[in-house]
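Chemist: Got a predicted structure here, sequence first:
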Amino acid sequence: MITIIIFIFVSVGISYWWLLRQRVLEKPWLVTGTDTDTREDIGRTPPAARTGLIVFLAVVTSVFSLFISAYFMRMELNDWRPVDEPGLLWFNTLLLIMGSLSIHWCSRAAEDLNVKTVKITLLATGLFTGGFILGQLIAWQQLNEAGYGLRSNPASAFFYLFTGLHGLHLLGGLWVWSKTSIRVLAGAELEQIQLSVELCRNYWHYLLVVWIVLFALLLST
Amino acid sequence: MAYVALADRGQVLSHPKSFITKYIWSQDHKVIAIQYSLIAVAVGVVALILSLGMRLQLGFPDTLSIIDPSEYMQFVTMHGMIMVIYLLTALFLGGFGNYLIPLMIGARDMVFPYMNMLSVWVYLVSVIILMASFFVPGGPTGAGWTLYPPQAILFGTPGASWGIILMLVSLAVFIVAFTMGGLNYVTTVLQARTRGMTMMRMPLTVWGIFTATILGLLAFPALLVSAIMMLFDRLLGTSFFMPAIVSMGELSETGGGSPILFQHLFWFFGHPEVYIVALPAFGIVSDLLSVHARKNIFGYRMMVWAIVGIGGLSFVVWAHHMYVSGMNPYFGFFFATTTLIIAVPTAIKVYNWVLTLWQGDIHLTVPMLFAIGFIFTFIHGGLTGIFLGNVVVDLPLSDTYFVVAHFHMVMGVSPILVIFGAIYHWFPKVTGRMFNDTLGKFHFWLTFLGTYSIYLPMHYLGFLGVPRRYYAFEGIDFIPESAMTLNSGITVAAIFVAVTQILFFINMFWSTFRGPKADPNPWNATSLEWFTPQTPPIHGNWGPELPQVYRWAYEYSAPGADKDFTPQTDPPTDAEIAAR
């Protein structure tokens, strides 16, 4: 349970640090008026969706931390037989990195109001990400044929679980990506999709980091 | 005012026209709150009826037994799971959280109204899946609400064929619903507070719900993870949790898995879950006590720190549910220590409630009666918790009725009393009508005394060593005849309490439609929800301008003020400005 404990400590630590900045030490019964409300962002509140995504990613991190905790605890038992990961995963990782880069580029282009680049990079993001998911499916097949079926060993079962869960999250991302793409193709003003692309970018970067952590974990054990 | 325009920016509220968009597919947080509450209460009534089936069996095993041993286990399981998750969690966060957060912090709605609507409908789906398990071959799962493998998915346990699958799927769906709601509650508190509503001016109700939601968002994934892994074990034949098992003379295909791993994951969710239910109750009861004692809450800052402190600590106590699981004894020492540490902020809260009452102008209204009743039951259940937190005391008492009595006092009766108190307290705002006071007082006294006569005797059964989750106690030497008599008495009390709840439903139903018109602020409270332009509040909550907040939420009986309460929206007086 070390992994999840570390995650919880970090989350609780960040929350407490944030709370300390919210003047939790002040005596509210002595303070009247509105001038103590120092929130400068009250007028230009950052869109709620941005905060909502951060909170959501904390939830997803909790899920993955728990799976990794379970992985470590299950690994200690004596029937563990490590998986021989297919080399295809390296290529898939490259695809996912490309996807992340192109959505990053897209987000820049959306800020610069460059419609053409936005369209190209959005398409590229979809292709790279779709390629990654397809690649993962082929890796599953290779692994299965190599004798590492789902039932063969907990190590292989965890492999399918990790990659499957990560893939599902990417599919969720692709759903939002497709909605954004449809709006771009329908000729929406770029100002209106900037936030949407920015959130996609953050989500893609996040899932790339998750994949690198998972991949490193699978390779090293 | 420029600020109003900015704060309203991006909050384009669709004002629904038809009945369906107004009451069914509604995006209004208040309608969603009522939908959440009605579903939760309905499913709670099912769980109540299940408990009566069990009590009849335990109290009168020879004469009034209407269920067989399998059904007994199924009822135990469904009663526990429904009460903890589908009633308490959903009602506190989905019900009260939805209704009160935007009103109390001065927002027009949740920040993601569409997702909020999805949340309640996905919750309904999870409830339907759960209820469907009553009708599938083999019935619902009878694994106990903790669903420990391997027995939960082994054939021989009731509901191992379909029930357990539906239970796990339903839990996963519930977690999706909760996450959609939870993102809303947290983000709304962080982003949609009106001008002047600093964190330290929020009523403790919002603090409790806010912290509990964060706990839920971080802890429910543990349940999701264990549900997914158990579904894999059950459906696909993996061995995450399943050890090698000889069943009917044949060795199972699974092997090497760790049931303890499941227990760790489950209780990593299970313990914070206690506080997911308790923290909103703590917050609400603080507000009820303060309003009806006409006094500011004693030690507001300490109350806030205690809530967030308990929230953090609740993640490092989970293994005190596992003292008998065979884990490393040094873990037991560590977790006993953290468990006793968590008693410190909890005790601070209890002292502060009592000190809030001290020299207050106590109005024994119906909500106040329930709030004071909560202090009794919570102290009672909390103290037995300190017993059970110690390894040496827990070992002999583990899996006896002492444990049943403990968690029903602390996590059953206590939050339910707060829920009743809160319903009576906010009923005039929600419906615009007043409930019947006499019926309410009858309801309180009968429920309070009735539940005490259910759970107090159970402690003695526990000391005798009467084990929980047993269908019958025939032929067990150490259980005396008097224990059986006591069991009959408990059953009579349980039936009495269950029937008493009819008073509540009659009162609510009649008052909603026929009750006298309520004053917009019948309790003379200070917090924002009582100052909406309309009662009940309309979609959008506030008039053309959002309210501004100038002070904290507990300005009761302030020296020098002309009334015994000063609303949060009252600008500072000349004297207050001069005092700065």
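Modeler: Alright, I've got the coordinates.
Chemist: pLDDT below threshold where in chain B?
Modeler: For chain B, residues meeting the criterion pLDDT under 70 lie at B:1-17.
Chemist: Which secondary structure elements does the host helix or strand of B:Val225 sit against?
Modeler: Here B:Val225 sits within helix B:204-231, counting by DSSP states H and E. With contacts taken as 3 or more CB pairs under 8 Å, 6 or more residues apart in numbering or on different chains; DSSP states H and E, helix B:204-231 sits against helix A:2-20, helix A:48-75, helix B:98-105, helix B:163-191, helix B:259-292, helix B:300-313. Just so you know, the C-beta spots here come from the backbone N, C-alpha and C atoms, and that holds for glycine as well.
Chemist: touching chain B at all, the second one?
Modeler: This points to helix A:48-75. Yes - with CB under 8 Å from any CB of the partner chain as the measure, helix A:48-75 is seen reaching chain B through A:48-49, A:51-52, A:55-56, A:58-59, A:62-63, A:66-67, A:69-70, A:73-74.
Chemist: cool, and the first one?
Modeler: Yes - applying CB under 8 Å from any CB, one finds helix A:2-20 touching chain B at A:4-5, A:8, A:11-12, A:15-16, A:19.
Chemist: Need the three-state assignment for the closest residue to B:Thr198 other than its chain neighbours.
Modeler: Spatially, and ignoring its direct neighbours in sequence, B:Thr198 is nearest to A:Asp37 (5.3 Å; CB to CB, 6 or more residues apart in numbering or on different chains). With DSSP: H, G, I helix; E, B strand; the rest coil as the basis, A:Asp37 sits in coil.
Chemist: For A:Asp37, what are phi and psi?
Modeler: phi -80, psi 90 (degrees, to the nearest 10).
Chemist: Measure how buried the residue of chain A found nearest chain B is and give me the count.
Modeler: When scored by CB to the nearest CB, chain A has A:Asp79 as its residue closest to chain B, at 3.4 Å. Using other CB atoms under 10 Å in any protein chain shown, the number of residues around A:Asp79 comes to 14.
Chemist: Look at it and tell me its secondary structure.
Modeler: Quick answer, by three-state DSSP: A:Asp79 is coil.
Chemist: Next one: the nearest residue to it once chain neighbours are set aside from B:Ser239, what distance?
Modeler: Counting by CB to CB, 6+ apart, B:Gly256 is the residue found nearest to A:Asp79 once chain neighbours are left out, at 3.4 Å. Separation of B:Gly256 from B:Ser239 (CB to CB, to the nearest Å): 5 Å.
Chemist: between the helix holding B:Val225 and helix B:300-313, how many degrees?
Modeler: Taking axes from the mean of the first three to the mean of the last three CA atoms, to 10 degrees, one finds that helix B:204-231 is oriented at 10 degrees with respect to helix B:300-313.
Chemist: Let me know the angle separating helix B:204-231 from helix A:2-20.
Modeler: Using the same axes, to 10 degrees: helix B:204-231 against helix A:2-20 is 160 degrees.
Chemist: hmm, who's touching the following helix or strand past helix B:204-231?
Modeler: Counting by DSSP H and E, the element after helix B:204-231 in chain order, helix or strand, is strand B:246-247. By CB atoms under 8 Å, 6 or more residues apart in numbering or on different chains, the residues outside strand B:246-247 that reach it are B:154-156, B:252.
Chemist: what's downstream of strand B:246-247, the next helix or strand?
Modeler: Per DSSP H and E, the helix or strand that comes after strand B:246-247 is strand B:250-251.
Chemist: For the residue nearest to A:Asp79, grab phi and psi.
Modeler: Dihedral angles (degrees, to the nearest 10) for B:Gly256: phi 90, psi -10.
Chemist: rewinding a little: can you pick out the residue with more neighbours from B:Gly256 and B:Ser239?
Modeler: Taking neighbours as other CB under 10 Å, B:Gly256 and B:Ser239 compare with B:Ser239 leading, 23 against 16.
Chemist: Now do the contacts for the spatially closest residue to A:Pro154 that is not a sequence neighbour.
Modeler: Computed as CB to CB, 6+ apart, the closest residue to A:Pro154 that is not its neighbour in sequence is A:Arg74, at 5.3 Å. Neighbouring residues of A:Arg74 by CB under 8 Å, 6+ apart: A:80, A:154, A:158, B:240, B:257-258, B:261.
Chemist: Quick check: PyMOL command selecting the buried ones in those.
Modeler: Buried residues among the contacts of A:Arg74 (16 or more other CB atoms under 10 Å in any protein chain shown), as a PyMOL selection:
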select buried, (chain A and resi 154+158) or (chain B and resi 240+257+258+261)
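Chemist: residues in contact with the residue of chain A closest to chain B?
Modeler: Each residue near A:Asp79 by CB under 8 Å, 6+ apart is listed here: A:153-154, B:239, B:255-256.
Chemist: got TSV for the residues you listed, with distance to B:Lys563 too?
Modeler: Shown next, in TSV, are those (distance: CB to CB, whole Å):
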residue	distance to B:Lys563
A:Asn153	72
A:Pro154	67
B:Ser239	68
B:Gly255	73
B:Gly256	70
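Chemist: Mind checking the helices and strands packed on helix B:204-231 for the one nearest to A:Glu26?
Modeler: helix B:300-313 (8.2 Å; CB to CB).
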